[in-house]
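[1] below is the sequence, then the predicted model.
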Amino acid sequence: MAHQNSSKPVPKDALVISSMIKELGVQEYDPRVVNQLLDFVYKYVTSMLDDSKIYSNHAKKKNIDIEDVRLAVALHVEKNFTTPPPREVLMDIARTKKCTSITAC
């Protein structure tokens, strides 16, 4: 269910998350979803800024700049997400696998 208790003021960040959920076409959801996403966003952004600060300090800069943030995000993506191998590689593996299970190729 997407409705919040109208007696309590809703934080702006929660309204933004709720708006994003609606824009994605989700009609009904547990209100705790918004809190879970807010927690995720906070932890993710905090982690990216902490890493950005480390990179900025390493470069002997006084302030974090966009390049520090881009580096932090790029390294995070590289470390935590994988991309599938190219189609050609998968086809080659499939061919090799097929040949090993059949006596003649």
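    Arrived safely.

[2] just name the shakiest helix or strand of this protein by mean pLDDT.
    helix 87-101 (a mean of 81; mean pLDDT, DSSP states H and E).

[3] now do that one: distance to the chain's middle.
    31 Å (Cα atoms, centre = their mean, to the nearest Å).

[4] any buried residues in it, and which?
    Within helix 87-101, not a single residue qualifies as buried, counting by 16 or more other Cβ atoms under 10 Å. All C-beta atoms are positioned from the backbone trio N, CA, C, and that covers glycine.

[5] same check, this time on stretch 37-46
    So stretch 37-46, judged by 16+ other Cβ under 10 Å, has buried residues L37.

[6] mean confidence for that stretch?
    In this model, stretch 37-46 has an average pLDDT of 97.

[7] would you map the helices across the protein?
    Secondary structure of the chain by DSSP state H: the helices cover 12-23, 32-58, 66-80, 87-101.
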